[in-house]
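A.B. asks: Would you be able to build a 3D model of this:
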Amino acid sequence: MISHTPGTSPYYSVGTTYTNSSYDFAGIGTDLSTSSSSELLATDGVTGGHLLKFNDGSGSLSAPSVVRTFGSVNPGAVSVAPGGATAYVIATGSKVVQEITVSGGADTGVTTNSSFTAVGALGLSADGATLLSADTATANVQGTNTSSNTATNETATDNEVSSIAPALAEPGSWTPT
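C.D. replies: Sure, this is the predicted structure:
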């Protein structure tokens, strides 16, 4: 079930509801760089699942369109870049994060640390320049430059990271000091 509050995009919580027992929703994301975003992306977290796009142009969620089908992997968490043109989706149980062009579904794998067991959480900086991904086994979090696809830093945490909150579009958010 996905719910949202009409007229307050990108904040989806209550209001009209889209329910479809054919989908097993695993991740949800929207463009947080603007309050006028009308698209919601969600992953169908089963083997061969999809990245789905919903629209909220009329105050209610549309039936989804398929952006990308994942073949033999289970899509998981999703984070949307500013402007909504690119989404980052975890291939659950692997070291892979897929960078997906929302308009056509083309994808590119983002490199994570080779010592990672599996990516479990991800988050994107407000400017879209840094992707944070967390390993499910080592409790390490890696920052990756999204334009060059290179690791910029890695840090250890005390425990497994189960989620990374998206950065709101504020000047200087997630800027390294």
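A.B. asks: Verify the stated contact: Thr157 with Thr138.
C.D. replies: No - look at Thr157 against Thr138 with CB atoms under 8 Å: they stay out of range, at 9.1 Å. Bear in mind the C-beta positions are built from the backbone N, C-alpha and C, glycine included.
A.B. asks: okay, those two: which has more neighbours?
C.D. replies: Taking other CB atoms under 10 Å, Thr157 and Thr138 do not tie; Thr138 has more neighbours (15 against 12).
A.B. asks: isn't that one right next to Phe116, touching?
C.D. replies: Yes - shown here, Thr138 and Phe116 form a contact pair, counting by CB under 8 Å, at 7.0 Å.
A.B. asks: In this protein, where is pLDDT below threshold?
C.D. replies: 1-21, 57-59, 111, 166-177 (pLDDT under 70).
A.B. asks: 90 instead, please
C.D. replies: For the chain, residues meeting the criterion pLDDT under 90 lie at 1-40, 44-48, 54-64, 70-74, 82-84, 90-97, 104-121, 123-130, 132-177.
A.B. asks: what about Ser35, which SS state?
C.D. replies: Of the three states, Ser35 takes coil under DSSP: H, G, I helix; E, B strand; the rest coil.
A.B. asks: Also Ala42?
C.D. replies: strand.
A.B. asks: Could you pull up the residues touching it?
C.D. replies: Ile2, Tyr23, Phe25, Gly27, Ile28, Gly29, Leu51, Leu52, Phe54, Pro64, Val78 (CB atoms under 8 Å, 6 or more residues apart in numbering).
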